[in-house]
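Participant: Sequence and predicted model, in that order:
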Amino acid sequence: MALDLLKMRYFAKIAELGSFTRASSELGVAQPALSLHIRALEEQLGVQLLTRTPRGVIATEAGVTLLSHAQAILRALDQAEAATKEQAKYPTGAVSLGILSSICPILSIPVIEECARRFPKIRLTVSEGDSQTLRTAVDTRVHDLAVTLDNVAKPASAPLFDERLYVVGPSGHFAPDVALTVEEALGLPLILPTRRHGIRILLERQALIFGRDLNIVREIEGVASTKAAIRAGLGLTILGRGAVHTDEESRTLTAVALMHPDLARRFVLDMPVNHPPTRAVIEVRKILLSVVGKLGAAGHWTCQPPNLSEVT
């Protein structure tokens, strides 16, 4: 028997909000009715999907699996509806944009603001994640657009910008005229993410080239937590320019560009293949490219001009 889309929509909303009460309010459906729908769905699938806790509900392992598929299906349905009803002047519909965590704070806000100003009927959702998570989300069409690293994205992805890597320390840690080579940086007391992250992989490759070991004093996942650890004097790190530009301007951190060789990583725009974008996705892409160009002009990164002119 085919799954009931209405039940899947109810289940997804409950799982996302973690509450029957909040889901009931947002959906405009009484809680007893929602409970009946979820029970019927569980009986149809032969598994428990939700577990009640004192603070609400959480998805079981089976529920998490269903939720990932349900979100992609429901988003596809929303986009199909939006494409059908789309108006030439005022595009509508849902757009999901994924951005690599290290640059999401600086890139997402101007994109959100410009989209809200120009296209108030577009429902833009921005999510941050690591490069592998973003690739999976694009492949499963959970994300319509993703700004990620070129070594993980599909070959057909469009280059956006090159971001130079910097050694980052507490405010005033480096002398104004200091220069650091990559080989010297490998021996610094570094706070780095785990091995699946792009910068860590890049640095380990450089360590092999120079025949040195990385001096990792701590492993911390998350740019914000890493910056907090640096300010607390727990070590240094290596980040892209976009992740530390604002901190340097506010003088909460200091950064020195890596030299010999100049290390940089390329960011690209990834999109699902064999899935024509809606008008809403196209307009958000235009805004994204414009914002990338403006931030590049402000010194956050080096843009790839041919792709920034792409508007269709």
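Facilitator: Done, it's in. Numbers count the residues shown, from 1 in each chain.
Participant: Any idea what Asp270 is bridged to?
Facilitator: Taking DSSP bridges as the rule, Asp270 bridges to Ala146.
Participant: Give the full set of residues in contact with Ala116.
Facilitator: Neighbouring residues of Ala116 by C-beta atoms under 8 Å, 6 or more residues apart in numbering: Leu124. Just so you know, the C-beta spots here come from the backbone N, C-alpha and C atoms, and that holds for glycine as well.
Participant: which SS state does it fall under?
Facilitator: Secondary structure, DSSP: H, G, I helix; E, B strand; the rest coil: Ala116 is helix.
Participant: Could you report the distance from it to Glu43?
Facilitator: Using C-beta to C-beta, to the nearest Å, we find Ala116 at a distance of 42 Å from Glu43.
Participant: Near the residue lying closest to Thr278 once chain neighbours are set aside, how many other residues are there?
Facilitator: Leaving aside its chain neighbours, Thr278 sits nearest to Ala83 (4.8 Å; criterion: C-beta to C-beta, 6 or more residues apart in numbering). Other residues near Ala83 come to 17 when the count uses other C-beta atoms under 10 Å.
Participant: ok, now Leu295?
Facilitator: Residues near Leu295, counting by other C-beta under 10 Å: 19.
Participant: quick one: what helix or strand has it in it?
Facilitator: Using DSSP states H and E, the element containing Leu295 is helix 279-297.
Participant: And that helix, what's buried?
Facilitator: 279-281, 283-289, 291-293, 295-296 (16 or more other C-beta atoms under 10 Å).
Participant: quick check, distance from whatever helix or strand comes next after that helix to the centre of its chain.
Facilitator: Heading C-terminal from helix 279-297, the first helix or strand you meet, by DSSP H and E, is strand 302-303. Put simply, strand 302-303 sits 20 Å off its chain's centre (C-alpha atoms, centre = their mean, to the nearest Å).
Participant: same deal with stretch 135-155?
Facilitator: For stretch 135-155, the distance to the chain centre is 10 Å (C-alpha atoms, centre = their mean).
Participant: Would you mark the buried spots in that stretch?
Facilitator: By 16+ other C-beta under 10 Å, the buried positions in stretch 135-155 come out as 135-138, 141-150, 152-153.
Participant: So which of these is the closest to Ile216?
Facilitator: Leu149 (20.7 Å; C-beta to C-beta).
Participant: Show me what whichever strand or helix holds Thr51 is packed against.
Facilitator: Assigned by DSSP H and E, Thr51 belongs to strand 50-53. Packed against strand 50-53 by the contact rule (3 or more C-beta pairs under 8 Å, 6 or more residues apart in numbering; DSSP states H and E) you find helix 5-17, strand 56-59.
Participant: I'd say Asp262 and Asp162 touch.
Facilitator: No - with contacts counted by C-beta atoms under 8 Å, Asp262 stays clear of Asp162, the gap being 9.8 Å.
Participant: ok, the two, which is more surrounded?
Facilitator: Using other C-beta under 10 Å, the more surrounded residue of Asp262 and Asp162 is Asp162, with 18 against 11.
Participant: So that one versus Asp213, what's the distance?
Facilitator: Asp162 is 28 Å from Asp213, by C-beta to C-beta.
Participant: again, but for Leu34
Facilitator: In terms of C-beta to C-beta, Leu34 sits 56 Å off from Asp213.
Participant: So between these two, which is more surrounded?
Facilitator: Per other C-beta under 10 Å, whichever of Leu34 and Asp213 has more neighbours is Leu34, with 20 against 11.
Participant: Provide a list of residues in contact with the more buried one.
Facilitator: With C-beta under 8 Å, 6+ apart, Leu34 has these contacts: 10, 14, 20, 23-24, 27.
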